[in-house]
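Enquirer: Only the shape, not the letters, is given here:
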């Protein structure tokens, strides 16, 4: 299994050499195993039976999240309570599906093995006419696989160049200021995502997904590819430089608390790191980093969306 689970071979070849930078809509291949393994019945089943881990659920409407007590009993997901909130127009997000759904785990692992990009997945069930999250952008590319119903995706071209982790996240300033400016413009793209379709949504593109005007529940899973960057490589190289004895030596307190003396220490560390990197075995480092890229565990889901507001009845939950 690989990206060919979602795209034809030509598209996969293009993605492997030129990573997408523009949103695009695709149809799932007719022979894709995803059709057999990941579907609306699977996602809804976790909610109908209460077998989804309660700590991995967020119940949200219009950007306002309920406290977990509103949809749990004795710490477990309560199907009747969840059904009640869904009936009131609340979206249910199932985070980190790759951690507890074997079928989703297999897909994420295959993507990571093929691309070197870590992968996690979140499911979303939105009642017809509803909306969970408002305008935001994400820090990584998403593959949004629609399984049931329809969802509209209004998308705006980025004003932030290459957002990365906490750098220019949409839920913090100055990102939040950019959102206010973009919301005053018409979207650059608008897709009506239907069953069997996959939306490629590159990082940084602000989006406003909703099921307003729909009568049927929308169910989709977003597979997030944690793209590797030069910053990731630089961080790994710095960790590898721990083998340098001079870099491991303690700095006397006087060299830390005095600004001028500390500047000297910073320059020395920079020079030592540069010297170590210049003499490093690039091929050996590349092999080690490739192994890490294909096998290192993914960090859990981290919301790139604006923090949910409190409903007033319950404190805000993320």
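Expert: The structure has been received and is ready for your questions. Computed from a predicted structure; not experimentally measured. Residues are numbered from 1 along each chain as shown.
Enquirer: can we go C-alpha only for contacts and neighbour counts from here?
Expert: Fine.
Enquirer: OK, contacts around the residue positioned nearest the centre of the chain?
Expert: Geometric centre of the chain, nearest residue: residue 224, 4.5 Å, by CA atoms, centre = their mean. Contacts here follow CA atoms under 8 Å, 6 or more residues apart in numbering; on that basis residue 224 touches 119, 120, 121, 140, 141, 142, 143.
Enquirer: one more time with 10 Å
Expert: 108, 111, 117-122, 138-144, 201-203, 301 (CA atoms under 10 Å, 6 or more residues apart in numbering).
Enquirer: Now do the strands in the stretch 101-250 of the chain.
Expert: 118-126, 141-148, 151-156, 189-193, 197-201, 206-210, 218-226 (DSSP state E, counting those that start in this stretch).
Enquirer: how about TSV for those, with mean pLDDT added?
Expert: Formatted as TSV, the strands of the stretch 101-250 of the chain follow (pLDDT from 0 to 100):
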stretch	mean pLDDT
strand 118-126	97
strand 141-148	98
strand 151-156	97
strand 189-193	97
strand 197-201	98
strand 206-210	95
strand 218-226	97
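Enquirer: Tell me which of the ones you listed lies nearest to residue 22.
Expert: Minimum separation from residue 22 across the strands of the stretch 101-250 of the chain (CA to CA) falls at strand 197-201, 7.2 Å.
Enquirer: what distance separates that closest one from the centre of its chain?
Expert: A distance of 14 Å separates the centroid of the chain from that of strand 197-201, by CA atoms, centre = their mean, to the nearest Å.
Enquirer: Could you point out which residue ranges in the stretch 151-300 of the chain have low pLDDT?
Expert: For the stretch 151-300 of the chain, residues meeting the criterion pLDDT under 70 lie at 299-300.
Enquirer: what do you get if the cut-off is 90, keeping everything else the same?
Expert: Low-confidence segments of the stretch 151-300 of the chain (pLDDT under 90): 159-161, 164-184, 296-300.
Enquirer: so how far is residue 47 from the closest residue to residue 209 other than its chain neighbours?
Expert: Counting by CA to CA, 6 or more residues apart in numbering, residue 209 lies nearest to residue 153, which is 4.5 Å off, once chain neighbours are set aside. Using CA to CA, to the nearest Å, one gets 24 Å for the distance from residue 153 to residue 47.
Enquirer: and the contacts of residue 224, which are buried?
Expert: Burial by neighbour count, 16 or more other CA atoms under 10 Å: within the contacts of residue 224 this picks out 108, 111, 117-122, 138-144, 201-203, 301.
Enquirer: okay, now the closest residue to residue 158 other than its chain neighbours: neighbour count?
Expert: Distances taken as CA to CA, 6+ apart put residue 205 closest to residue 158, at 4.9 Å, once the chain neighbours are dropped. For residue 205, the neighbour count with other CA atoms under 10 Å is 25.
Enquirer: how about residue 205, what does it touch?
Expert: 21-23, 136-141, 154-161, 163, 188.
Enquirer: before we move on, back to that, I'd like the strands of the stretch 101-250 of the chain laid out as JSON lines, including distance to residue 75.
Expert: As requested, the strands of the stretch 101-250 of the chain are exported to JSON lines (distance: least, CA to CA, whole Å):
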{"stretch": "strand 118-126", "distance to residue 75": "21"}
{"stretch": "strand 141-148", "distance to residue 75": "29"}
{"stretch": "strand 151-156", "distance to residue 75": "31"}
{"stretch": "strand 189-193", "distance to residue 75": "35"}
{"stretch": "strand 197-201", "distance to residue 75": "34"}
{"stretch": "strand 206-210", "distance to residue 75": "30"}
{"stretch": "strand 218-226", "distance to residue 75": "25"}
